[in-house]
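S.K.: need a structure here:
(chains A, B, C, D, E and F)
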Protein chains: 4
Amino acid sequence: MKGEEKYNTILKAAKGVFAKEGFYNSKVSEIAKEARVADGTIYLYFKNKEDILISLFEKELTRIIKLVKEELEKVSDPRDKLQKFCDIHLSMAEEDRTLAEVIQVELRQSNKFMREYKNKYFLAYLKIIADIIDEGKTSGIFKKDIKSDVVARMVFGSLDEISTYWVTTRRKRFNVHDAASTVGKILIEGMVSS
Amino acid sequence: MKGEEKYNTILKAAKGVFAKEGFYNSKVSEIAKEARVADGTIYLYFKNKEDILISLFEKELTRIIKLVKEELEKVSDPRDKLQKFCDIHLSMAEEDRTLAEVIQVELRQSNKFMREYKNKYFLAYLKIIADIIDEGKTSGIFKKDIKSDVVARMVFGSLDEISTYWVTTRRKRFNVHDAASTVGKILIEGMVSS
Amino acid sequence: MKGEEKYNTILKAAKGVFAKEGFYNSKVSEIAKEARVADGTIYLYFKNKEDILISLFEKELTRIIKLVKEELEKVSDPRDKLQKFCDIHLSMAEEDRTLAEVIQVELRQSNKFMREYKNKYFLAYLKIIADIIDEGKTSGIFKKDIKSDVVARMVFGSLDEISTYWVTTRRKRFNVHDAASTVGKILIEGMVSS
Amino acid sequence: MKGEEKYNTILKAAKGVFAKEGFYNSKVSEIAKEARVADGTIYLYFKNKEDILISLFEKELTRIIKLVKEELEKVSDPRDKLQKFCDIHLSMAEEDRTLAEVIQVELRQSNKFMREYKNKYFLAYLKIIADIIDEGKTSGIFKKDIKSDVVARMVFGSLDEISTYWVTTRRKRFNVHDAASTVGKILIEGMVSS
DNA sequence: TATGAATGAGCTTTCATTCAT
DNA sequence: TATGAATGAAAGCTCATTCAT
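M.R.: So this is what the prediction gives:
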């Protein structure tokens, strides 16, 4: 197993442990055990426990941003794009429940993340939404007087809350695609210029 | 200082400390110090550290729910109610920044809370929103095919994300009332039956 | 057992452990065990492990300086004073072997101490010697061209090395009083103005 | 680079690191880095970390003993020999400050070394001094009633303390040659038979 | 009720040493 | 010989909680 591979093995193990135990209740030794490496090995790849969480987030969000952008390019109408965005976002929670759990619940347990770090990658994700809105405004589809950054947060917040529900609840009262559809429709209807 | 009073003094101190340090990084001794009480005294009023957080949440959310309900009773049109709800929610973040910080950022640091407890009080808060939606649906103002519980989470998520932004960002790009207005309008427009 | 008492109990335990194991090989838990206190209790009285060593040094050296000064006041002739100083210094090593061991061998294992801290208390001790020399020079007994500070270190170094030998060697080839006498005589003879 | 050469490279690197960080705070990996060698390579040449220190000490002290003996052979009068010894010892601290630092401060940080090992090489060094004294006693120059081994430690201790001062102090209050002269004179004057 | 000194389990992190290559 | 990634034991320190006063 080469370096790169071991790095990923540790991140994967960490994802599982964080999701199961929560960030603060996770023990580095548990991650090491899951990854079948020695405790000390973790520290050859990560500065400390928090660095594991943040690295995990960076890696996954980078992947997600890339994936989302690719998917959105296949559609041209801003309305379709927004609808698709909602669907992709919520589908991810369904596909990788563990990751969703970490991002929605555990990531927020890191002060560093919540208070200092969040910016870079998270803002890039928000930017994707804001760009869709701007596109819609430019093409006259969406109302010109709505603020893209407020809406971007609104969209993200809506989906994030639904995803949190999805992740933390056992007996779901709706499936993600229907929810995505509902959210998308309301947002679009709410923004189209009459 | 009587019992009830001391209980509240401790909760108030806890609110400040949790907001500043985050739940896991807060020390019980720090809360005791802020409340001008001995460490041991805390345990006469609360079962443990987590219980402080939960009690704080319960107390504040009870107050908020009561306040919100009272305010909403003053309005009759579901659209006005929803708009008002958005405004009240965001105004609270503005008025009691510390509380907002605790609820948005720190609450999520308590696993037990996020995973098991959340239900009761939080659901009651969500119920307020769902009731508005249902009212709108019954009166034919809102579309009948939208799921109230999905929308309730959507509304809460939107507002929560915006108020997280509001709380964690120094230089704000918008004020809460404008944001409340934007969010409310989109939601209403998005749900009204054409 | 009151606070002051516990503080001293810990220091006493530390003295034994440091002497036996050496500073770096001593475990805080071992000191706690010896002192019959919990590990954490140590940290109520000392900032960290190094602080224990420094506190021990300060406390003992303060006591020693006081004791030495008192003894020296009983004698007036600088030659007698110097002789007496040699005797007291070496006698202390004999009387409290453990302390001598800590001071001579282990103290040097604390970097901070050796490199930065040493000054204050150690210099006060050296000053006692330098004062004797100066007194002798002033009264015309000792040569005027000898540098007091060089001689002070010479005296300390001589005694320190002999007491290191005394502390670390099992089968002694001489007793401390004879050694003190020899060292004192040579120094005095070597400094008297002919 | 051949074996012998690499061995010396490592020792040289160790000398620098030990002097800078102290024995216990030195990392084997740091020594390896300084020597431009892999961590594991160190263990091809030395048994363990302590062995590096001991080897360093042995190598340097062997060299020093040889050098001192050669220098002393050039002089015949025991008084001149003693004076010369003082001068050589202190000059060495001046010439190789790093080595002096290691020997004076750091050597004492290795327990095993201080308590068990010290003997052989260190005793050989002390023997040089004792031999000078004995020579003086035999030739009737020094008093017959002084114990050579006590004086040998006295001489070493004096010089060692002065060179510790020299090594650890930035702003020196005297130069080594003057100090050597002072120390030598006092010792000689103190021992000559009247 | 109130105190706050004392507890001690449990964590992260370091680093000397090993060993497969 | 040489490498350096991997090991894993070990220890300092924190802090929620307890309990004698």
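
S.K.: How many residues are close by the residue nearest to residue A:29 when sequence neighbours are not counted?
M.R.: In space, and not counting its chain neighbours, residue A:29 is closest to residue A:39: 5.2 Å by CB to CB, 6 or more residues apart in numbering or on different chains. Any C-beta I mention is one placed from the backbone N, CA and C, and that applies to glycine too. For residue A:39, the count of nearby residues is 13 (other CB atoms under 10 Å in any protein chain shown).

S.K.: who touches residue A:39 in this structure?
M.R.: A:28, A:29, A:32 (CB atoms under 8 Å, 6 or more residues apart in numbering or on different chains).

S.K.: Distance check, residue A:11 against residue A:145.
M.R.: 44 Å (CB to CB, to the nearest Å).

S.K.: quick one: which of these two has more around it?
M.R.: Set side by side, residue A:11 and residue A:145 show more neighbours around residue A:11, with 20 against 9, by other CB under 10 Å.

S.K.: Once you drop chain neighbours, what's closest to residue A:124?
M.R.: Among residues not flanking residue A:124 along the chain, residue A:65 sits closest, at 5.8 Å (CB to CB, 6+ apart).

S.K.: Local confidence estimate at the one you found?
M.R.: Residue A:65 carries a pLDDT value of 95.

S.K.: Then the one 5 residues further on?
M.R.: On the pLDDT scale, residue A:70 is placed at 97.

S.K.: Quick check: residues of chain A near DNA strand F?
M.R.: A:1, A:3, A:6, A:37, A:38, A:39, A:40, A:41, A:43, A:44 (CB under 7 Å from any atom of the strand).

S.K.: Of these, which fall within the contact range of DNA strand E?
M.R.: A:39, A:40, A:43.

S.K.: Can you flag the buried ones in the contacts of residue A:39?
M.R.: A:28, A:32 (16 or more other CB atoms under 10 Å in any protein chain shown).

S.K.: Which parts of chain A are helices?
M.R.: A:3-21, A:28-34, A:39-45, A:49-73, A:78-95, A:97-101, A:111, A:119-138, A:148-168, A:176-191 (DSSP state H).

S.K.: Determine which stretch of these is the most buried.
M.R.: Sort the helices of chain A by mean neighbour count, taking mean count of other CB atoms under 10 Å in any protein chain shown, and helix A:148-168 sits at the top with a mean of 24.

S.K.: Does that one pack against any helices or strands, and if so which?
M.R.: When contacts are defined as 3 or more CB pairs under 8 Å, 6 or more residues apart in numbering or on different chains; DSSP states H and E, helix A:148-168 sits against helix A:78-95, helix A:97-101, helix A:119-138, helix A:176-191, helix B:148-168, helix B:176-191.

S.K.: for the shortest one, the distance to its chain's centre please.
M.R.: This means helix A:97-101. Computed by CA atoms, centre = their mean, to the nearest Å, the separation of helix A:97-101 from the middle of its chain amounts to 9 Å.

S.K.: average pLDDT across it?
M.R.: Rounded mean pLDDT across helix A:97-101 is 85.

S.K.: pLDDT wise, what is the residue nearest to residue A:29 at?
M.R.: The model's pLDDT for residue A:39 equals 97.

S.K.: ok, now residue A:157?
M.R.: Note for residue A:157: predicted pLDDT of 93.

S.K.: Would you quantify the distance from residue A:160 to residue A:179?
M.R.: Taken as CB to CB, the span from residue A:160 to residue A:179 is 12 Å.

S.K.: wait, isn't residue A:182 in contact with residue B:146?
M.R.: Yes: the criterion here is CB atoms under 8 Å, and residue A:182 meets it with residue B:146 at 5.8 Å.

S.K.: where in chain A is pLDDT low?
M.R.: Counting by pLDDT under 70, chain A contains low-confidence ranges at A:1, A:111-112, A:114-119.

S.K.: Apply 90 and report the result again.
M.R.: Under the criterion pLDDT under 90, the flagged ranges of chain A are A:1-5, A:19-23, A:57, A:93-94, A:96-123, A:161, A:163-175, A:194.

S.K.: Which residues of it lie near chain B?
M.R.: Counting by CB under 8 Å from any CB of the partner chain, chain A comes close to chain B at A:22, A:24-25, A:105, A:108-109, A:111, A:114-115, A:118, A:146-147, A:149-151, A:153-162, A:165, A:168, A:173-174, A:178-179, A:182-183, A:185-191.

S.K.: can you do 7 Å?
M.R.: Proximity of chain A to chain B (CB under 7 Å from any CB of the partner chain) is limited to residues A:22, A:24-25, A:105, A:108-109, A:111, A:114-115, A:146-147, A:149-150, A:153-154, A:156-158, A:160-162, A:165, A:168, A:173-174, A:179, A:182-183, A:186-187, A:189-191.

S.K.: For the residue lying closest to residue A:160 once chain neighbours are set aside, which residues are in contact?
M.R.: Ranked by CB to CB, 6+ apart and with sequence neighbours excluded, the top spatial neighbour of residue A:160 is residue B:157, at 5.7 Å. Shown in contact with residue B:157 (CB atoms under 7 Å, 6 or more residues apart in numbering or on different chains): A:157, A:158, A:160, A:161, A:162.

S.K.: Ok, residue A:104 next?
M.R.: Here residue A:104 is in contact with A:160, A:163, A:164, A:167 (CB under 7 Å, 6+ apart).

S.K.: how close does the residue of chain A found nearest chain D sit to residue A:89?
M.R.: Proximity to chain D, evaluated over chain A using CB to the nearest CB, is greatest for residue A:44 at 12.1 Å. Distance, residue A:44 to residue A:89, using CB to CB: 35 Å.

S.K.: same question, residue A:189
M.R.: 19 Å.

S.K.: right, and residue A:10 touches residue A:45 too?
M.R.: Yes: the criterion here is CB atoms under 7 Å, and residue A:10 meets it with residue A:45 at 5.8 Å.

S.K.: List the contacts of residue A:30.
M.R.: residue A:17.

S.K.: one more time with 8 Å
M.R.: A:17, A:21.

S.K.: Equivalent analysis for residue A:61, please.
M.R.: Applying CB under 8 Å, 6+ apart to residue A:61 gives the contacts A:103, A:121, A:122, A:124, A:125.

S.K.: Can you give me the separation between the first one and residue A:122?
M.R.: From residue A:103 over to residue A:122 the distance is 10 Å, taken as CB to CB.

S.K.: these two touch, right, residue A:110 and residue A:50?
M.R.: Yes: the criterion here is CB under 8 Å, and residue A:110 meets it with residue A:50 at 5.6 Å.

S.K.: how far does stretch A:22-38 stretch from start to finish?
M.R.: 21 Å (CA to CA, to the nearest Å).
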